[in-house]
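J.: Any chance you can model this:
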Amino acid sequence: QVQLVESGGGLVQAGGSLRLSCAASGLTFSSYDMAWFRQAPGKEREFVAAINWSGGRTKYADSVKGRFTISRDNAKNTVYLQMNSLKPEDTAAYYCAAGAYGSSTDNYGSWGQGTQVTVSS
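T.: The predicted structure follows:
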């Protein structure tokens, strides 16, 4: 079955950086578009970034544009999220997802278990 395993979360001070990774198995990774979403306590899951199967197209939420970069390595079945200039409002559980390119949770049928990112002020 499809498995998506996130890693790289942690506690960081405001202005710092983190790099999240999501290792995929059980699917033909290079055929899937991938995305990162996040969910803070008491809030709905929200779109962060997406990348198409080849890496040639990306899109970002306005709140992270210019600070976060999504990338993928199809040889390693892994998608990444480089997060720079982190803010306390970026604090959330971050989830990777596999599916069809877009910003809606409905586009994605497979999800990881999440990794926590906490940004202190």
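
J.: Any idea how many residues pack against residue 13?
T.: The tally of other residues near residue 13 (other CB atoms under 10 Å) stands at 10. C-beta: built from backbone N, CA, C; applies to glycine.

J.: Next one: it from residue 60, what distance?
T.: 23 Å (CB to CB, to the nearest Å).

J.: One more: residue 45?
T.: 16 Å.

J.: What of residue 108?
T.: For residue 108, the distance to residue 60 - CB to CB - is 16 Å.

J.: Of these two, which one has the most company?
T.: Shown here are residue 108 and residue 60; by other CB under 10 Å, residue 108 has more neighbours (23 against 18).

J.: Might one say that that one is in contact with residue 95?
T.: No. Contact criterion CB atoms under 8 Å: residue 108 and residue 95 do not qualify, at 9.2 Å.

J.: Determine the three-state secondary structure at residue 41.
T.: What DSSP: H, G, I helix; E, B strand; the rest coil gives for residue 41 is coil.
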